[in-house]
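> coordinates for the following, if possible.
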Amino acid sequence: MSAPLRVALVSFRPDLFAALHSGCMRSGHLPVLYIAGRSPRPGKPSYPQVGDRVGEILCQIPPDMDLLLPGSSRGFAQALKGYGVDVVVACGLSWRLPKSVLDAPALGVMNVHASLLPKYRGPSPVQWALRNGDPDIGLTVHWMDERIDTGNILARRGGIPLPEFVTFAELWRHLGPAIGDLVADALGQAAGGSRGEPQDDSQASYAGAMERGFDFINWSHTAEAVHNQVRTFYFGAGLPGPFAKVDGEWLLVRRTSLTPQEGIRVECRDRPIWIVEWASARLPGAAPPSAPHLIRPIPTGT
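Residues are numbered from 1 along each chain as shown. Below is the predicted model:
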């Protein structure tokens, strides 16, 4: 039997590090380094409350494991070389890695992405699945290249049910076991020399950040579209909202229902919707346009 691969794990949550670690161990490979993303881009200021996040990771990290927080691509690449890393497994890293980092491990860098690639490439696959009313999501482990989520696929799984209302933290905890299984599969393939299967670019779509304007509800849209908009913000849309005007008052809408519930009934284009959780809102600046086009399907193509 060949020697186990030396693996660096990159993530941002203790439960995700645990899932990645489990996948390594089940496939007979050796985690040698944890790396936490401290900033949205190399050389940029750290995330707010990054110290709290690191503290949570340290409380659960194996006692003999090093945790690094690189601030630059150069430091990232040097660390991988210094630890003799064969392969990196990342889940939740927002950096677009240059060739210097991708080439630092002996075999390369693989990424866990929360969609069935090539669908929903980009930083917000779950948000777009919620926004489009998808009943389920997928997971894909792929080799990383210098583009965004375009590398060859090693392992993937679809049909993972998407709850009606789920938070960011709840979903990642739910995905942990599947992530461990897929990482074990992908590492086994990498150890055997696999470079994966190319993606079909003709089936690709891009899941970018939610745009300004999507943070306001337009009651002239369908009830289902508004409901999915609220679900997206409940998960986390990267901007505050959604805000809606009801009887002349601005509300922050937190949850809605498509069936009669105790709350505020509002007529949409096709049928009513019920606001079941909300808060009063005071909006800075001018009100949004009277009929903004807020709900749209994800664009297709690369």
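
> first to last residue in stretch 40-54, what's the distance?
From its first residue to its last, stretch 40-54 covers 15 Å (CA to CA, to the nearest Å).

> residues contacting residue 253?
By CB atoms under 8 Å, 6 or more residues apart in numbering, the contact set of residue 253 is 217, 230, 233, 242, 243, 244, 275, 277, 278. To be clear about C-beta, it is placed using only N, CA and C from the backbone, and glycine gets the same treatment.

> ok, now with 10 Å
217, 226, 229-230, 233-234, 241-244, 246, 264, 266, 273, 275-279, 281 (CB atoms under 10 Å, 6 or more residues apart in numbering).

> just list whatever residues bridge to it.
residue 278 (DSSP bridges).

> quick one: it and residue 178, what's the gap?
31 Å (CB to CB, to the nearest Å).

> counting contacts, what elements does the helix or strand bottoming out on mean pLDDT in the chain pack onto?
Least confident helix or strand of the chain, by mean pLDDT, DSSP states H and E, is helix 50-60 with a mean of 92. When contacts are defined as 3 or more CB pairs under 10 Å, 6 or more residues apart in numbering; DSSP states H and E, helix 50-60 packs onto helix 14-26, strand 30-36, strand 67-68.

> again, 6 Å this time
helix 14-26 (3 or more CB pairs under 6 Å, 6 or more residues apart in numbering; DSSP states H and E).

> now find how far off-centre the helix it packs on is within its chain.
Relative to its chain's centre, helix 14-26 lies at 17 Å (CA atoms, centre = their mean, to the nearest Å).

> just stretch 168-175 next, same as before
The mean C-alpha position of stretch 168-175 is separated from the chain mean by 10 Å, CA atoms, centre = their mean.

> about what we covered before: can you select the buried ones from the contacts of residue 253 in ChimeraX?
Typed into ChimeraX, the line below selects the buried ones among the contacts of residue 253, using 16 or more other CB atoms under 10 Å:
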select :217,226,229,230,233,234,241,242,243,244,264,266,273,275,278,281
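
> can you flag which of the contacts of residue 253 belong to strands?
In this view, the contacts of residue 253 that belong to strands under DSSP state E are 243, 244, 246, 264, 266, 273, 275, 276, 277, 278, 279.

> with adjacent residues omitted, what lies nearest to the last one?
Taking CB to CB, 6 or more residues apart in numbering, and ignoring the residues beside it in sequence, residue 279 has residue 252 as its nearest neighbour in space, at 4.6 Å.

> contact partners for that neighbour?
Shown in contact with residue 252 (CB atoms under 6 Å, 6 or more residues apart in numbering): 243, 279, 281.

> before we move on, what about residue 8?
Shown in contact with residue 8 (CB under 6 Å, 6+ apart): 33, 35, 85, 88.
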